[in-house]
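A.B. asks: this one's structure only:
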């Protein structure tokens, strides 16, 4: 039997996508309840339910008599501690920039070691995202993230292209994980020197992060840190 997405959930997912993609900008006003109902062909009750969920997830705020507005990301309270690379780069007095290099859904049973960490079998769908973080124009943090599709269904490319992934997962999917990070020192090699535009023998740090929710790993990443960022990530 095909899964039928409730009307309010379908509307909710699309509004979240627009907010995460920047199509609905911070502090911008959402259409009225009547207009939203017309746009998504749903009842006023369905609209109100979706808006209530958006407010609970800290995507919007309401002004009495004025309507609903997109909440600034800086005003959200995630309640989760994680390795915030963007903040670490800012602490270097550099301008942080994150770019999504690739995003795919692995369905062929590959990445057996990652599947073992996440408790997945060969038939389970597995997301893989590759990010590069920049300090100004300089690449400083290269990360590959793996997520189980069943826990985070229907992630859109536009939602994660230029956003920090953990806050997105917390807000949209209610992720309540405890994050553990392990580091190991190393050196730039001929194989990875071009990725970071550095010399062979320059220092780097390899980072593995696991996000555990209800005793199960729901987030796993492998990353490499270089340059001055090392001092802000390790220690």
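C.D. replies: Good, I have the coordinates. What you see is a predicted model; the values in this text were computed from it and never measured.

A.B. asks: Model confidence score at residue 176, please.
C.D. replies: Here, the pLDDT recorded for residue 176 equals 93.

A.B. asks: Please name every helix or strand in contact with the helix or strand bottoming out on mean pLDDT in the chain.
C.D. replies: In the chain, the helix or strand scored least confidently by mean pLDDT, DSSP states H and E is helix 193-196, which has a mean of 84. When contacts are defined as 3 or more CB pairs under 8 Å, 6 or more residues apart in numbering; DSSP states H and E, helix 193-196 sits against strand 138-148, strand 216-226. From N, CA and C alone the C-beta is placed, and that goes for glycine too.

A.B. asks: In a markdown table: those strands, plus mean neighbour count.
C.D. replies: Compiled in a markdown table, those are given as follows (neighbours: other CB atoms under 10 Å):
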| stretch | mean neighbour count |
| --- | --- |
| strand 138-148 | 21 |
| strand 216-226 | 20 |
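
A.B. asks: domain ranges for this structure?
C.D. replies: Domain ranges of the chain: 7-75, 85-233, per automatic domain parsing.

A.B. asks: Which one of the ones you listed has the poorest average confidence?
C.D. replies: Note on the domains of the chain: lowest mean pLDDT is at domain 7-75, with a mean of 90.

A.B. asks: who's residue 143 bridged to?
C.D. replies: Using DSSP bridges, the bridge partners assigned to residue 143 are residue 131, residue 223.

A.B. asks: Just list the residues touching it, thanks.
C.D. replies: Residue 143 sits next to 85, 130, 131, 132, 133, 207, 221, 222, 223, 224 when contact means CB atoms under 8 Å, 6 or more residues apart in numbering.

A.B. asks: Tell me, how many residues neighbour the fourth one?
C.D. replies: Neighbouring residues of residue 132 were enumerated by other CB atoms under 10 Å; the total is 16.

A.B. asks: which strands and helices sit next to the helix or strand hosting residue 209?
C.D. replies: Under the criterion of DSSP states H and E, residue 209 resides in strand 203-213. Counting contacts by 3+ CB pairs under 8 Å, 6+ apart, strand 203-213 packs against strand 178-187, strand 216-226, helix 229-233.

A.B. asks: Helices of the protein, residue ranges please.
C.D. replies: Taking DSSP state H, the helices of the chain run over residues 7-20, 33-40, 44-56, 85-91, 112-118, 157-160, 165-173, 193-196, 229-233.

A.B. asks: Name the residues that touch the second one?
C.D. replies: Among residues not part of helix 33-40, those counted as contacts by CB under 8 Å, 6+ apart are 7, 10-11, 14, 30-31, 42-44, 46-48, 50-51.

A.B. asks: Not counting its neighbours along the chain, what's nearest the spatially most central residue of the chain?
C.D. replies: By CA atoms, centre = their mean, the chain has its centre lying nearest to residue 165, at 1.5 Å. In this structure, residue 165 finds its nearest non-sequential neighbour in residue 145, 6.1 Å apart by CB to CB, 6 or more residues apart in numbering.

A.B. asks: need the contact list for that neighbour.
C.D. replies: Neighbouring residues of residue 145 by CB under 8 Å, 6+ apart: 127, 128, 129, 130, 131, 165, 219, 220, 221.

A.B. asks: One more: residue 84?
C.D. replies: 164, 166.

A.B. asks: please redo it, this time with the cut-off set to 6 Å
C.D. replies: Not one residue lies near residue 84 by CB atoms under 6 Å, 6 or more residues apart in numbering.

A.B. asks: And it, how close does it get to residue 160?
C.D. replies: 16 Å (CB to CB, to the nearest Å).
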